[in-house]
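Peer 1: what's the 3D shape of this:
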Amino acid sequence: MTDLAARLIFAMERLDTSSAAVLRHASYKVLEELGVDVRRLVTDARQQIIAERRAAAERSQNALERLRERAARVPELQALVANGPAAPVREKVRELLAAGKKPVEIAIALELDVRYVRAVRDLDLARAAKAKLTQHRKQLPRRHWERLARIARRVSWGGPTNGPTKERKRQLGEGEELVATTVAGEQQLFRREWPVDQIRGMLSDAAYLAAQRLRDAWDGMEPSIRSSAFDGRGTAGNPSARLGLTPEQERCGVIWRGLWTPLPSAVRLIVRNFVLERSCGGAERPLSFVEYGRRYGVKGPDQARGIAQGALATACEVLAQAARQFAARERARERTVYAEMMAEDVARWVRDAAAAPEGSKAREEMERAAVVELLRRIEVEHWIVRRCVRRAIRAAERIALETAPAQEDPKTAASASHGFDGSCLQLGR
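Peer 2: As a prediction, the model looks like this:
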């Protein structure tokens, strides 16, 4: 026991603080190190304290109600007493009541109506109750409930010590709740759930992925420093100090323009508010589902939330359609680029083969390597074979024509002067 007391005193004195919470937690840690189940004991103690505080608050509230009921009878009782005997008789009745006599005994002794004696007694009690209705008495129940709320708000020992602030809750908007995530150390982090995640069951996979892609593109365009902003803000006064865009920002900018440009203006407002979580329409923050739905004249929170969620689901489907169109354009562009690259490669192979002596072994190996590489690409990228091969053949024929003598037939000259007539490349025709 002495060792426990010494450790407690040392832990509390070392803190050098007057905070009751800090001292309480320091003593809990010491007890926990000794093998005491502090969590269970603290939970039981707080439940008992909460029950006591709740009973005290209810008793105080009931007492206050009784005082108010008695004080409200003062005018009625004054009228009854005023219509009775004179003041000396009332004083005699009060003396006998103070001596512990019952109203019936007093009425028999003084030959009075028992109702009058009871009215005198109740008038004195009502005046005393009215005098007790001070500001302190009126505030006492509220203070009991405040103490009860403070105890109930205490986190369990070993539980999370952080929580959403009042300002953060206010920024959520009406009808929204923070999502708690447990991280290392059994701590909880509170975050605002993405509106698209809240209606995930209403969306198709394509719509959800399109919303995610748009949000990632928007975030990717944001710079780490203001001087490299996508829109050039922060260095408008000094363009020479503006940093260039990074490859990641350029890529995200292409995706952003491909998805954002086809959207109608009405859909853009919904996407900006819920998908990008940016304020619109002069609001200080993004609107919640309930707040956005009430812009359509709906007062009920459930109906307003349903309207806003339906509008967001429709906007995500429109965004998915824009994403499909953008993906088709990107595929066409990739095919064109790949075909041009293959045409350049084939033209280079033709030049290399033409530079070698006619009929030499090196020339035959170059032609054979060109055919093998072309067939390999055809097998890997079969979906763009015809376009790539046609462009490659045209490029080879163009080079052959450019290098052939003017007096000879172009095709014969190409075959005679270079020994590479493109017959091995006729697969795509």
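
Peer 1: which sections of this protein are below the confidence cut-off?
Peer 2: 1-5, 7-22, 135-137, 153-176, 182-188, 223-243, 343, 354, 359, 371-429 (pLDDT under 70).

Peer 1: and with 80 instead?
Peer 2: Along the chain, segments meeting pLDDT under 80 span 1-43, 45-46, 83-90, 111, 132-145, 147-192, 222-245, 280-284, 299, 335-429.

Peer 1: where exactly do the strands run in the stretch 151-300 of the chain?
Peer 2: 178-182, 188-192 (DSSP state E, counting those that start in this stretch).

Peer 1: The first one versus strand 188-192: what angle between them?
Peer 2: Our comparison of strand 178-182 with strand 188-192, counting by axes from the mean of the first three to the mean of the last three CA atoms, to 10 degrees, yields an angle of 150 degrees.

Peer 1: Name the nearest residue to residue 84, sequence neighbours excluded.
Peer 2: Spatial nearest neighbour of residue 84, excluding adjacent residues (CB to CB, 6 or more residues apart in numbering): residue 116 at 4.6 Å. Where C-beta positions appear, they are placed from N, C-alpha and C, glycine not excepted.

Peer 1: ok but that neighbour is inside a helix, no?
Peer 2: Yes: the assignment for residue 116 (DSSP: H, G, I helix; E, B strand; the rest coil) places it in a helix.

Peer 1: tell me the contacts of it?
Peer 2: For residue 116, the contact set (CB atoms under 8 Å, 6 or more residues apart in numbering) comprises 80, 81, 84, 85, 107.

Peer 1: The second one: which element?
Peer 2: Under DSSP states H and E, the secondary-structure element containing residue 81 is helix 74-82.

Peer 1: now the third one
Peer 2: Element membership for residue 84, per DSSP H and E: none, as it lies in no helix or strand.

Peer 1: count of neighbours near it?
Peer 2: As a burial measure, residue 84 scores 16 neighbours (other CB atoms under 10 Å).

Peer 1: List the contacts of it.
Peer 2: 90, 112, 113, 116, 119, 120.

Peer 1: quick one, phi/psi of it?
Peer 2: The phi/psi pair for residue 84 (degrees, to the nearest 10) reads phi -100, psi -160.

Peer 1: I'd like the distance between it and residue 78.
Peer 2: Taking CB to CB, to the nearest Å as the measure, residue 84 falls 11 Å from residue 78.

Peer 1: helix/strand/coil for residue 318?
Peer 2: Assignment for residue 318 (three-state DSSP): helix.

Peer 1: quick one: it from residue 72, how far?
Peer 2: In terms of CB to CB, residue 318 sits 65 Å off from residue 72.

Peer 1: which of these two has more neighbours?
Peer 2: In this view residue 318 and residue 72 are compared by other CB under 10 Å, and residue 318 has more residues nearby, 19 against 12.

Peer 1: Please list all residues in contact with the more buried one.
Peer 2: Residue 318 makes contacts with 263, 264, 267, as judged by CB under 8 Å, 6+ apart.

Peer 1: now residue 128
Peer 2: Not one residue lies near residue 128 by CB under 8 Å, 6+ apart.

Peer 1: How about residue 218?
Peer 2: Shown in contact with residue 218 (CB under 8 Å, 6+ apart): 252, 256, 276.

Peer 1: And for residue 129?
Peer 2: 66, 67, 68, 70, 71.

Peer 1: Which ones among those residues map onto strands?
Peer 2: Among the contacts of residue 129, no member falls in strands (DSSP state E).

Peer 1: I only care about these that end up buried; give me the PyMOL line for that.
Peer 2: To isolate the buried ones among the contacts of residue 129 in PyMOL, judged by 16 or more other CB atoms under 10 Å, type:
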select buried, resi 67+70+71
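
Peer 1: And the furthest pair within the contacts of residue 129?
Peer 2: 66 and 71 (9.6 Å; CB to CB).

Peer 1: and residue 287, how many neighbours does it have?
Peer 2: 21.

Peer 1: these two touch, right, residue 120 and residue 98?
Peer 2: No: Residue 120 is beyond contact range of residue 98, at 11.4 Å (criterion: CB atoms under 8 Å).

Peer 1: Compare the two (neighbour count), which wins?
Peer 2: The neighbour count for residue 120 versus residue 98, taken as other CB under 10 Å, is higher for residue 120 (24 against 9).

Peer 1: Setting aside sequence neighbours, what's the nearest residue to the more buried one?
Peer 2: residue 93 (5.0 Å).

Peer 1: shouldn't the one you found be in contact with residue 119?
Peer 2: No: under the criterion of CB under 8 Å, residue 93 makes no contact with residue 119, lying 9.7 Å away.

Peer 1: any idea which helix or strand carries the residue nearest to residue 120?
Peer 2: helix 87-98.

Peer 1: what's in contact with the next helix or strand after that helix?
Peer 2: Note on helix 87-98: by DSSP H and E, the next helix or strand toward the C-terminus is helix 103-110. Helix 103-110 is contacted by residues 89, 92-93, 96-97, 101, 112-114, 116-118, 121 when judged by CB under 8 Å, 6+ apart.

Peer 1: If we use 10 Å, what do you get?
Peer 2: Contact with helix 103-110 is made by 85, 89, 92-97, 99, 101-102, 112-122, as judged by CB atoms under 10 Å, 6 or more residues apart in numbering.

Peer 1: returning to what we had before: which residues does the residue nearest to residue 120 contact?
Peer 2: By CB under 10 Å, 6+ apart, the neighbours of residue 93 are 81, 84-85, 101, 103, 106-107, 109-110, 112, 116-117, 119-121, 124.

Peer 1: Mark which of those residues are buried, thanks.
Peer 2: 81, 84, 103, 106, 107, 112, 116, 117, 119, 120, 121, 124.

Peer 1: could you dump the contacts of residue 116 to CSV with distance to residue 218?
Peer 2: Formatted as CSV, those follow (distance: CB to CB, whole Å):
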residue, distance to residue 218
80, 79
81, 80
84, 85
85, 90
107, 89
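
Peer 1: Domains in this structure, by residue range?
Peer 2: Residue ranges for the domains of the chain, per automatic domain parsing: 37-153, 166-193, 197-327, 331-428.

Peer 1: wait, residue 326 sits on residue 263?
Peer 2: No: judged on CB atoms under 10 Å, residue 326 makes no contact with residue 263 at a distance of 11.3 Å.

Peer 1: With adjacent residues omitted, what lies nearest to residue 127?
Peer 2: residue 74 (6.3 Å).

Peer 1: Flag every buried residue along the helix or strand hosting residue 53.
Peer 2: Per DSSP H and E, residue 53 falls inside helix 38-71. Neighbour-count burial for helix 38-71 flags 38, 42, 50, 53, 56, 57, 60, 64, 67, 70, 71 (criterion: 16+ other CB under 10 Å).
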